[in-house]
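Trainee: just need the structure, nothing else, for what follows:
(one chain, ligands or ions: 1)
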Amino acid sequence: MNRHALDELKQQIPLLKYLQAHDWRQARPIGFGRFLGVCPLHADHQPSFLVDPNKNLFYCYGCRRGGDVIRFAELYHQVKFPQALELLCQWRGLAPLVHEAANCYRMQLHRHPEAVAYLFQRGVRSLELVEHMRIGYAPGGCLRGWLTQLGYSRQALRQAGLVTAAGYDTYSHRIVFPLDGNLYGRSLSAAVSPHRFLPGAKGGLYLWDQVQQCPQVILVEGLFDYAVVWQAGFHNVTCSLGTNLNARQFRQLCDGPRTVYLTFDADSNGSGQQAAQSLARRLSEQGVNVVMVTLPNGHDPNSFFLQGGDAHQFQKLLEVAHP
Ligand SMILES: [Zn+2]
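Mentor: Residues are numbered from 1 along each chain as shown. Model (predicted):
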């Protein structure tokens, strides 16, 4: 990438916008249009991270590092310069494309009774929930045409992972949940791998901005767990898409005073509980109040509600949960 292309990239990705997309929040303005906030690069307890949106530069008085958006991407994602450029280019092009793909899949959902039936069988029973989670369906064979018509190149679709090398839609016969910069596809059929993501990060905690302010947050493993818990009226729920939290998800849980109700699967082999315990330990070390919720043996939140559990019983489980 030459000098000109680098300048263009930096212009197209304002540092402040990139920081905010990675959950940075300014604590206060400090004059000349500059902001101060907690540093996302080190364990910072008082705002020492200075951002100047006019110059597109940052500097941290704590860890004494600073630079432009590329330097920030290097430090934040812990990658070298070329990988940082790659991540930024992806970030620049991906968001609008993934958004359009999600819209296309949402339009398809109600045209396919098999998809609606599958959702019903997994406990998704209200239109309000479908709208809230922006759930869609990928029947296969319709996305490429739709996005091409909107002016996206085949190469862009290929790069985003939405279309295979052979030119087919990557997601086929899958329920699709839009994530932050990605799409999770759950196959209807047991014959293929059940879980699928686009290449790239799975993003932060699911719909984190909606629960960030809650003093108590319920954390579940899967989106179908999220769905039934939310549907039962517990809107302070979020999801980590697996028991292994990425660095960004972990930081989100630690970014303020709160109690986290860890509600991972009670697998019969104990792997869910082990993951929960190790996460609880790491969170406690960061000063987060963690409570372990014990589901009946062999259950996850989804099966708990599907097999007759109700909001009242779930509330009881939260109340008797122990640190
Ligand atoms: Zn710092």
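Trainee: for the ion, what are the nearby residues on this protein?
Mentor: Applying Cβ under 5 Å from the ion, one finds that the chain approaches the ion through Cys39, Leu41, His42, Cys60, Gly62, Cys63. C-beta: built from backbone N, CA, C; applies to glycine.
Trainee: which residues does the first one contact?
Mentor: By Cβ atoms under 8 Å, 6 or more residues apart in numbering, the residues touching Cys39 are Pro47, Ser48, Phe49, Cys60, Gly62, Cys63.
Trainee: quick check: the farthest pair among the residues of the chain next to the ion?
Mentor: Between any two of these, the greatest separation by Cβ to Cβ is 8.5 Å, found for Leu41 and Gly62.
Trainee: now do the shared contacts for these two.
Mentor: Taking Cβ under 8 Å, 6+ apart as the criterion, Leu41 and Gly62 both touch Phe49.
Trainee: for stretch 77-88, the distance to its chain's centre please.
Mentor: Stretch 77-88 has its C-alpha centroid displaced from the chain centroid by 20 Å (Cα atoms, centre = their mean, to the nearest Å).
Trainee: got the buried residues for it?
Mentor: By neighbour count with 16 or more other Cβ atoms under 10 Å, stretch 77-88 contains the buried residues His77, Ala84, Leu85, Leu87, Leu88.
Trainee: likewise for stretch 183-203?
Mentor: For stretch 183-203, burial by neighbour count (16+ other Cβ under 10 Å) applies to Leu183, Tyr184, Gly185, Arg186, Ser187, Leu188, Arg196, Leu198, Ala201, Lys202, Gly203.
Trainee: could you identify the most distant pair in the residues you listed?
Mentor: With Cβ to Cβ as the measure, no two of the buried residues of stretch 183-203 lie farther apart than Leu188 and Ala201, at 25.6 Å.
Trainee: could you look up the SS state of the residue in the stretch 151-300 of the chain that the ion sits nearest to?
Mentor: Of all residues in the stretch 151-300 of the chain, the one sitting closest to the ion is Arg251 (13.0 Å; Cβ to the ion). Following DSSP: H, G, I helix; E, B strand; the rest coil, Arg251 is assigned to helix.
Trainee: make residue 1 into 778 and carry on from there
Mentor: Done: numbering now begins at 778, and the last item shifts to Arg1028.
Trainee: now do the same for it: its pLDDT.
Mentor: We have a pLDDT of 87 for Arg1028.
Trainee: tell me the contacts of it?
Mentor: If you count contacts by Cβ under 8 Å, 6+ apart, Arg1028 has them with Asp800, Pro817.
Trainee: that one and Asn1046, how far apart?
Mentor: 29 Å (Cβ to Cβ, to the nearest Å).
Trainee: okay if I get the contacts of Cys816 as CSV plus pLDDT and secondary structure?
Mentor: CSV is the format used below for these (pLDDT from 0 to 100; DSSP: H, G, I helix; E, B strand; the rest coil):
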residue, pLDDT, secondary structure
Pro824, 93, coil
Ser825, 95, coil
Phe826, 96, strand
Cys837, 97, strand
Gly839, 95, coil
Cys840, 96, coil
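Trainee: mind checking which of those residues are buried?
Mentor: With burial judged by 16+ other Cβ under 10 Å, the buried subset of the contacts of Cys816 is Pro824, Ser825, Phe826, Cys837, Gly839.
Trainee: other SSEs contacting whichever helix or strand Leu896 is part of?
Mentor: Using DSSP states H and E, Leu896 sits within helix 890-898. Counting contacts by 3 or more Cβ pairs under 8 Å, 6 or more residues apart in numbering; DSSP states H and E, helix 890-898 packs against helix 858-886, strand 951-955.
Trainee: next helix or strand past it?
Mentor: helix 904-910.
Trainee: okay, buried residues for that following helix please.
Mentor: Residues Leu906, Val907, Met910 are the ones in helix 904-910 that count as buried (16+ other Cβ under 10 Å).
Trainee: list the contacts of the second one.
Mentor: By Cβ under 8 Å, 6+ apart, the contact set of Val907 is Leu886, Leu896, Val901.
Trainee: low-confidence bits of this protein, can you list those?
Mentor: Low-confidence segments of the chain, defined by pLDDT under 70: 1045.
Trainee: the residue lying closest to Gln860 once chain neighbours are set aside: what's it in contact with?
Mentor: With Cβ to Cβ, 6 or more residues apart in numbering as the criterion, Gln860 has its nearest non-adjacent residue at 7.5 Å, and that residue is His854. His854 is in contact with Gln860, Ala861, Leu864, counting by Cβ under 8 Å, 6+ apart.
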